[in-house]
Each structure stands twice: as structure tokens, then as C-alpha cells.
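Visitor: Provided below for reference: sequence and predicted model.
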Amino acid sequence: MLVKICGIKSLDDAIISSSFYPDYLGLIFCDSPRKINIATAKKIVNSLNNKKFIGVFQNNPIEEVLEIAKICNLFGIQLHGEEDPNDIEIIKENKFLAIKAFRIESSLPENLSEYKPDYFLFDKVKGVKNLNTDALKSYNLNVLFFIAGGLSSENVIETIQKISNPKFCGIDLASGVERENKKDPILLNNFFNVLKKQNFFGGQKVE
Ligand SMILES: O=C(O)c1ccccc1NCC(=O)[C@H](O)[C@H](O)COP(=O)(O)O
């Protein structure tokens, strides 16, 4: 499994999280308790310049997304709203890794195949505890996908084992490794330990 730790809010969060060697670190630029400003994001990326930072955006004009991605020297862009499939093409043309996220309730979106990102990310809907993994059973596209939604050391293995799809490649999490709104070394350690114990840490990236 590839791992993306999302919602990095400070240099401390970034340093602690990257000490566990996740594949990607996420910076949230849209409305969220984990929203980061451009100046802080830029400082974090420049301080850890060998790490791959993904900016998370929601329904922003694509020109604005690209401008922020360039200012902050991001590796990739995750669109988490109702963006047009063409925005994904523009992200790829601009040489950023492109992730298209969808919040999944009971089924996959009908227009999923119109999007050609590097990865999909299937997240839970707001207000529920976890992702409905049954909804992923019909996934038959060629694009690799991550899952997200309330993952923690307690439920990650059980969740991974529920998904037997060859395109399932990664997990994304935020709150499951946070205490008092900060990334927590003990929770991170527990999380990576359970992954490693089950040989679920590591995997092949698209790039
Ligand atoms: O996490 C947020 O606050 C958020 C808000 C708006 C858009 C996207 C957001 N998160 C991006 C993600 O990739 C996942 O939703 C997140 O990492 C999963 O978080 P959690 O359920 O707490 O593990």
C-alpha cells in the first residue's frame, strides 16, 4: 500500500509524519479545520524538499489551483470537489501528479470514466464514520485508487482486506493519526507498525 498523510498544518506535522516515510504528504488549501495558508505551505515544502507534497483543492478555478501549486512547489494536485474532467487534463499537462477524489455514499459516480487522473481517491461522505467499501466492488477502470475516511491503526487492516481490487493501491488518512489537532508520533507509530506487520507498507507508484 502507498500511504498519503493528509492535513499537514505545520512544519512539526510535516517532520513527524515524514519520519515514517509516507509516499505523499497532503496540504489542504480548501475549507477545512486543516486548511493551510500559502506562506506556511511554501515554507514547509521548501524545508522538506525531498518530500512529495500534494495540494488538496475543492472547486477552485484551475488557474488559481495551478498558481498556488507553482508558488508552493507542490508535487501533485488533488481535486476534492465537483471539478470538470478537463481540469485533470490541465493538471497533467502542467506536469503535476493528478488525483481526483470523490466522496462515495452507496455507489461510484456515473461519470467516473470521464476522468483520467493518475490516481482516484475514494473518500467517505461527510457525517459518516467510514468509507462504504461495498460501493467499490463495481470498480473496473484502469486507474489506480486510494481510499480514505476515518482510517486508523484500529481499522486499517480490516478495511484493506475488504477491498480485493487489483487497482487498489493506497490509503490516505488524517484524523486517525492526530491528537489535539496535531500529527501525533505515537498514533503514527501504531499506524505504520500495523501496516508493516501485515506487509502492507510499500507499493508501486504511477510516477
Ligand atoms: O480532511 C479534510 O479536512 C478535508 C476537507 C475538505 C476536502 C478534503 C479534505 N481532506 C482530504 C483527504 O484527502 C481526505 O478526506 C482525508 O485525508 C481523510 O481524512 P480522515 O477521514 O480524517 O482520515
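Guide: Noted; the coordinates are in hand.
Visitor: which element follows the longest strand seen in the chain toward the C-terminus?
Guide: Longest strand in the chain by number of residues, with DSSP state E as the criterion: strand 97-104. Toward the C-terminus, strand 97-104 is succeeded by strand 119-124 as the next helix or strand (DSSP states H and E).
Visitor: Please compute how far stretch 174-181 lies from its chain's middle.
Guide: 15 Å (C-alpha atoms, centre = their mean, to the nearest Å).
Visitor: Can you give me the end-to-end span of that stretch?
Guide: 10 Å (C-alpha to C-alpha, to the nearest Å).
Visitor: how about it: buried residues?
Guide: Buried residues in stretch 174-181, counted by 16 or more other C-beta atoms under 10 Å: 174, 175, 176, 177, 178. For the C-beta atoms, the positions are set from N, CA and C on the backbone; glycine is no exception.
Visitor: who in the chain is up against the ligand?
Guide: 6-7, 26, 28, 30, 32, 34, 56, 58, 80, 123, 148-151, 172-176 (C-beta under 6 Å from any ligand atom).
Visitor: Quick check on those residues: which are buried?
Guide: 6-7, 26, 28, 30, 34, 56, 58, 80, 123, 148-151, 172-176.
Visitor: Just the ones of the residues you listed in strands?
Guide: Reading strands off those with DSSP E, I get 26, 28, 56, 123, 148, 172, 173.
Visitor: pLDDT for those - can I get that in TSV?
Guide: Formatted as TSV, these follow (pLDDT from 0 to 100):
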residue	pLDDT
26	98
28	98
56	98
123	97
148	98
172	98
173	97
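Visitor: quick check: angle from the longest strand of the chain to strand 119-124?
Guide: Interaxial angle of strand 97-104 relative to strand 119-124 (axes from the mean of the first three to the mean of the last three C-alpha atoms, to 10 degrees): 30 degrees.
Visitor: How far off centre is strand 97-104?
Guide: 8 Å.
Visitor: Now do that strand: which elements does it pack against?
Guide: Here strand 97-104 touches strand 53-57, strand 76-79, helix 85-93, strand 119-124, going by 3 or more C-beta pairs under 8 Å, 6 or more residues apart in numbering; DSSP states H and E.
Visitor: 7 Å instead?
Guide: Applying 3 or more C-beta pairs under 7 Å, 6 or more residues apart in numbering; DSSP states H and E, we find strand 97-104 packed against strand 76-79, helix 85-93, strand 119-124.
Visitor: hey, which of the ones you listed is tucked in deepest?
Guide: strand 76-79 (a mean of 27; mean count of other C-beta atoms under 10 Å).
Visitor: just how off-centre is that one within its chain?
Guide: With C-alpha atoms, centre = their mean as the basis, strand 76-79 stands 8 Å off its chain's centre.
Visitor: Identify the residues contacting the helix of greatest length in the chain?
Guide: If you go by DSSP state H, the chain has its longest helix at helix 185-197. With contacts defined as C-beta atoms under 7 Å, 6 or more residues apart in numbering, helix 185-197 is touched by 1, 16, 17, 20, 152, 153, 156, 157, 176, 177, 179, 201.
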